[in-house]
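Colleague: build the 3D model from these lines:
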Amino acid sequence: MPKILKMDEAVFSKIAAGEVVERPASVLKELIENSIDAGATRIEIEIQGAGKILLRVSDNGTGMDREDLRLCLEPHATSKIKSIEDLDSLSTFGFRGEALAAVCAVSEVTILSSLQGESQGWRVKAQAGKIKEESPAAGTGGTTVEVRNLFFNTPARLKFLKSDEFERGRIISVIEEAALANHEVAFFLQAEGKKRLGFEAAQEGKEGEKSRIAMVLGEAVGQYLAFGEESEKSINLRLFVSTEAGLVSNRKYQHWFVNRRPIDSRLLQQALYRAFGPHILQGRHPVCVGYLEISPADFDVNVHPAKREIRFKNEGDVFNLIMRAVSRALAQSLRPQVLVKDSYLPPLRPGSHLESLALEPASSYSAPLRTAAAVSLPLGEPALSQEEDRRTPDWFTPPYRYLGQIERSYLVFEAAGGIFVLDQHAAAECVLFERYGDLLLQGRVLSERLILPVAVSLPASLVSLIMDQKKNLFDLGFEVESFGKGMIQVTATPPMLKKEKDVEEALHKIAEDFSDLKTSLAEVRRKSLATMACKAAVKAHDFLGEEEAKALLLDLSKARQARNCPHGRPTMLALNRIELARRFGRPGAIS
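Modeller: Residues are numbered from 1 along each chain as shown. Predicted coordinates:
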């Protein structure tokens with residue numbers, strides 16, 4: 001008896017579905033692409049149960065007749081290619097003929113469609129890959145695809161889905177990407193009976209694209225966008241990139257499209273950062289929405305089932321094109337800017353409490369947050385005692401004589417005949433990180449209720465993500481509420497964050513960390529603490545006096561991991577008397 005057997009159709013259909021249908025958002029992506037390929041200018045989406053119970057997509061595209069309606073549910077049935085040569089000239093999103101068949105294999109699907117101008121259409125119902133019913137229907141001009149009970153016959157797949165709020169966030173993210181790529185198409189989302197999202201069609205041309213970007217990413221992002229345009233051989237590039245004033249705290253605002261298809265590409269990202277070069281500050285990232293138009297023969301999209309990865313035939317040409325476009329956009333928009341002093345940490349006193357490490361506003365700063373009295377929030381069972389060996393670390397060799405500050409960034413001391421240098425930002429960040437972390441480990445965290453809540457603008461997909469992580473944010477000292485489309489309202493914060501700008505940037509970075517499904521909750525909490533410590537710590541170019549410098553050094557000597565900040569940067573540099581003598585070619589140090 002042979003060992004190799006041909007799989008049953010029901011089995012290989014579910015396996016094929018697993019490559020295309022990962023979650024409700026991946027179903028929506030396929031349906032939106034079909035609608036756009038059909039020439040739709042308006043797409044309406046409705047979901048219930050975050051797309052698990054119901055996901056309905058209606059469009060005003062060309063529609064299908066009865067025969068096409070039946071065939072569209074068959075595997076490898078497509079109107080996009082007829083021969084192998086067609087793969088080199090594809091201009092559509094879909095082409096493999098797998099999507100609807102894969103969705104149908106793991107759900108109950110109803111499709112109603114009619115050709116434009118026809119008074120009669122047709123309806124077909126299918127379940128688990130089999131057509132169950134066909135019937136005539138009123139012609140509405142376009143197509144409506146209704147997907148119910150996703151993964152009803154693969155319960156193991158259903159178990160691996162996340163919370164409803166998280167899955168809604170992924171659905172919104174798909175709509176946002178589609179809206180960025182197709183600014184002439186209107187998109188609307190109704191979730192659980194309520195309107196959640198609406199992007200009206202934008203006008204043609206550069207201004208229309210910029211308007212749509214502002215709709216999706218927020219007006220605060222849109223006002224700092226510069227436009228760049230380049231062409232070379234068969235490659236055309238249009239991109240919108242933030243100026244130096246518009247840098248943000250995470251990479252979630254970077255989107256690349258090749259022939260309107262959203263892609264992930266390290267090559268494109270590296271070209272962007274290379275072009276920005278000295279304009280990027282540590283911990284800040286450029287906003288970028290780039291549109292590449294390339295001959296289908298010059299790239300391969302059939303690399304991955306989800307089509308997120310592509311292979312360029314001439315990577316060097318693409319890299320250089322992006323470099324030139326970004327550089328020219330920045331050159332036209334950037335102007336010499338006066339360095340404005342940021343907020344900085346007040347004097348760090350030996351044994352000082354966390355509250356004394358909070359930022360204090362100065363007259364040149366933005367308006368500080370007004371807070372009510374701090375409240376202590378329980379975090380469940382206290383952790384085990386974190387008492388540590390407090391012996392003096394080997395690097396700490398007092399007495400120290402303060403020599404001064406270099407570039408208002410580095411604190412220089414003389415110690416034991418040598419030179420000792422502190423990076424003031426990295427050192428203060430290290431101290432804050434451990435102190436606030438200790439409070440968490442002890443089962444308690446400080447939070448300050450804000451008299452005036454802070455409204456933070458975010459893409460709708462990140463709003464859903466933040467609300468999904470509301471409990472974890474509470475554990476870090478934040479209290480947040482949804483505040484309309486693309487906004488959240490912060491009503492309480494950790495006491496170390498005293499400026500609106502710091503609260504906004506911390507939440508942007510924390511949202512990015514939570515969106516990474518490969519990162520554990522413990523690691524996200526650690527990164528969140530590091531972000532808050534970074535925002536609250538004394539900055540480079542802030543002036544520190546001698547007493548403040550000595551207090552920071554003493555506080556650092558009590559840290560358990562004093563040699564590096566939580567982001568891995570070194571906090572200190574030392575040249576002892578022997579090393580100094582060696583550098584100057586002397587036989588020994590002066591006694």
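
Colleague: from the contact counts, what lies against the helix or strand containing Glu167?
Modeller: Assigned by DSSP states H and E, Glu167 falls within helix 164-181. If you count contacts as 3 or more C-beta pairs under 8 Å, 6 or more residues apart in numbering; DSSP states H and E, helix 164-181 packs onto helix 24-37, strand 42-48, strand 186-191, strand 194-199, helix 206-217, strand 254-258, strand 261-263, helix 460-468. Heads up, the C-betas are built off the backbone N, CA and C, glycines and all.

Colleague: minimum distance to Ile406: which of these has it?
Modeller: Closest approach to Ile406 among these is made by strand 254-258 (34.7 Å; C-beta to C-beta).

Colleague: report the mean confidence score over the closest one.
Modeller: Regarding strand 254-258, the rounded mean pLDDT is 95.

Colleague: so can I have TSV of the helices and strands packed on helix 164-181 showing distance to Asn153 and mean neighbour count?
Modeller: Listed next are these as TSV, based on distance: least, C-beta to C-beta, whole Å; neighbours: other C-beta atoms under 10 Å:
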stretch	distance to Asn153	mean neighbour count
helix 24-37	15	23
strand 42-48	19	21
strand 186-191	25	19
strand 194-199	29	16
helix 206-217	35	19
strand 254-258	35	21
strand 261-263	30	18
helix 460-468	27	24
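
Colleague: and Ser113, how far is that from Asp65?
Modeller: Separation of Ser113 from Asp65 (C-beta to C-beta, to the nearest Å): 8 Å.

Colleague: please read the previous query as pertaining to Thr41.
Modeller: Taking C-beta to C-beta, one finds Thr41 at 21 Å from Asp65.

Colleague: do the same with Thr144
Modeller: According to C-beta to C-beta, Thr144 and Asp65 sit 15 Å apart.

Colleague: neighbour count: these two, which is higher?
Modeller: Taking other C-beta atoms under 10 Å, Thr144 and Asp65 do not tie; Thr144 has more neighbours (20 against 13).

Colleague: poorly predicted segments of the stretch 401-550 of the chain, please.
Modeller: Residue ranges of the stretch 401-550 of the chain with pLDDT under 70: 443, 517-519.

Colleague: what are the ranges of the strands in it?
Modeller: Remark: strands assigned in the stretch 401-550 of the chain by DSSP state E, counting those that start in this stretch are 410-415, 418-423, 444-457, 479-482, 487-493.

Colleague: pull out the buried positions in the fourth one.
Modeller: Put plainly, it is strand 479-482. By neighbour count with 16 or more other C-beta atoms under 10 Å, strand 479-482 contains the buried residues Glu479, Val480.

Colleague: and it, what does it pack onto?
Modeller: Counting by 3+ C-beta pairs under 8 Å, 6+ apart, the packing neighbours recorded for strand 479-482 are helix 460-468, helix 470-476, strand 487-493.

Colleague: possible to save these as TSV with distance to Ser58?
Modeller: What follows is those, written out as TSV (distance: least, C-beta to C-beta, whole Å):
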stretch	distance to Ser58
helix 460-468	20
helix 470-476	32
strand 487-493	28
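
Colleague: re the thing from before, can you state the direction angle for the helix holding Glu167 and helix 24-37?
Modeller: 20 degrees (axes from the mean of the first three to the mean of the last three C-alpha atoms, to 10 degrees).

Colleague: hmm, back to that, out of the strands of the stretch 401-550 of the chain, nearest to Leu330?
Modeller: Proximity to Leu330 (C-beta to C-beta) singles out strand 444-457 among those, at 23.6 Å.

Colleague: where does the stretch 201-350 of the chain dip in pLDDT?
Modeller: 281-282, 302-307, 334-350.

Colleague: which stretches of it form helices?
Modeller: 206-217, 219-222, 266-276, 315-333 (DSSP state H, counting those that start in this stretch).

Colleague: residues in contact with the shortest one: which ones?
Modeller: For helix 219-222, the surrounding residues in contact (C-beta atoms under 8 Å, 6 or more residues apart in numbering) are Lys210, Ser211, Ile213, Ala214, Ser242, Gly246, Val248, Tyr253, Val287, Ser457.

Colleague: returning to what we had before: out of the helices and strands packed on helix 164-181, nearest to Asp516?
Modeller: Counting by C-beta to C-beta, Asp516 lies closest to helix 460-468 out of the helices and strands packed on helix 164-181; the figure is 10.7 Å.

Colleague: quick one: list the elements packing against that closest one.
Modeller: Checking 3+ C-beta pairs under 8 Å, 6+ apart, helix 460-468 ends up next to helix 164-181, strand 479-482, strand 487-493, helix 500-515.

Colleague: output that helix as CSV, nothing but the C-alphas.
Modeller: Output of helix 460-468 as CSV, limited to C-alpha atoms (Å, rounded to 0.1, in the frame of the first residue of the first chain):
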residue,chain,number,x,y,z
ALA,A,460,-7.6,54.9,14.7
SER,A,461,-5.8,51.6,14.6
LEU,A,462,-3.5,52.7,17.5
VAL,A,463,-6.5,54.0,19.5
SER,A,464,-8.0,50.5,19.4
LEU,A,465,-4.6,49.0,20.4
ILE,A,466,-4.3,51.4,23.3
MET,A,467,-7.8,50.7,24.5
ASP,A,468,-7.1,46.9,24.3
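
Colleague: how does this structure divide into domains?
Modeller: Following automatic domain parsing, one finds the domains of the chain at 9-199, 206-333, 354-380+395-575.

Colleague: hang on, the earlier thing: between the helices and strands packed on helix 460-468, which one is nearest to Gln442?
Modeller: Closest among these, once you apply C-beta to C-beta, is strand 487-493, at 19.5 Å.

Colleague: before we move on, the earlier item: export the domains of the chain to CSV and tack on distance to Arg586?
Modeller: Shown next, in CSV, are the domains of the chain (distance: least, C-beta to C-beta, whole Å):
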stretch, distance to Arg586
domain 9-199, 63
domain 206-333, 37
domain 354-380+395-575, 12
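
Colleague: now do the SS call for Thr62.
Modeller: Three-state call for Thr62 (DSSP: H, G, I helix; E, B strand; the rest coil): coil.
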